[in-house]
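Asker: one predicted model, sequence on top.
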Amino acid sequence: MRVSTVSGRRGPKRVAAALTIAGTLLAGGVVSAQDASANTGGGGCRTSGWASETLGISERPCAYGDGGYGVYGSHGYRNPNGVNILPCAQLLRVNSNGSTTQVADYGCGGWTTSTNFTFNTGAIGTQDGTYVVQAGYWVANGGYVTGAQSARVTVYG
């Protein structure tokens, strides 16, 4: 940016005005760019709160859109008895009849006996449709517990 030095009094005012205009344009540009790339709607945590599972464990799965075509999860676990579990999650597509079909596996975190923790997944790209993220966990010396599902996330073009 070039600053005029012809008039000492008007130079700073011009600079301030130019900075104000530039800031307004930048702020407007960021909002426009963000709006243009938002291809997801809905999402959030399980609408009925924490789901009670086996061995006193509760979970609260959440799903969100990444602002594009991806869906990611953030799942809270309560494990008051310190059971050794391995948190996992899957991405499910909601079919037109309300049933679900697994389309991807987020994998699992690490084994833990923590009493309260969150398992976060990365985003998985999807096609247009409605999705939920299902949380679950492996129990040490036991089987897999298929857990609860998040709120629905809609992905659109």
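Answerer: Received the coordinates, thanks.

Asker: C-terminal to the helix or strand of the chain with the lowest mean pLDDT, what's the next element?
Answerer: Every helix and strand in the chain was compared by mean pLDDT, DSSP states H and E; the lowest is helix 10-37, with a mean of 36. Sequence order places strand 40-42 as the next helix or strand after helix 10-37, per DSSP states H and E.

Asker: that following strand packs against which elements?
Answerer: Contacts defined by 3 or more CB pairs under 8 Å, 6 or more residues apart in numbering; DSSP states H and E place strand 40-42 against strand 62-65, strand 153-155. Placement of C-beta: from N, CA and C, glycine included.

Asker: contacts only, for the residue nearest the centre of the chain.
Answerer: Centroid-nearest residue in the chain: Tyr64, 3.5 Å away (criterion: CA atoms, centre = their mean). By CB atoms under 8 Å, 6 or more residues apart in numbering, the residues touching Tyr64 are Thr40, Gly43, Gly44, Val71, Tyr72, Gly73, Ser74, Val153.

Asker: now do Val139
Answerer: Thr54, Leu55, Val83, Asn84, Ile85, Val145.
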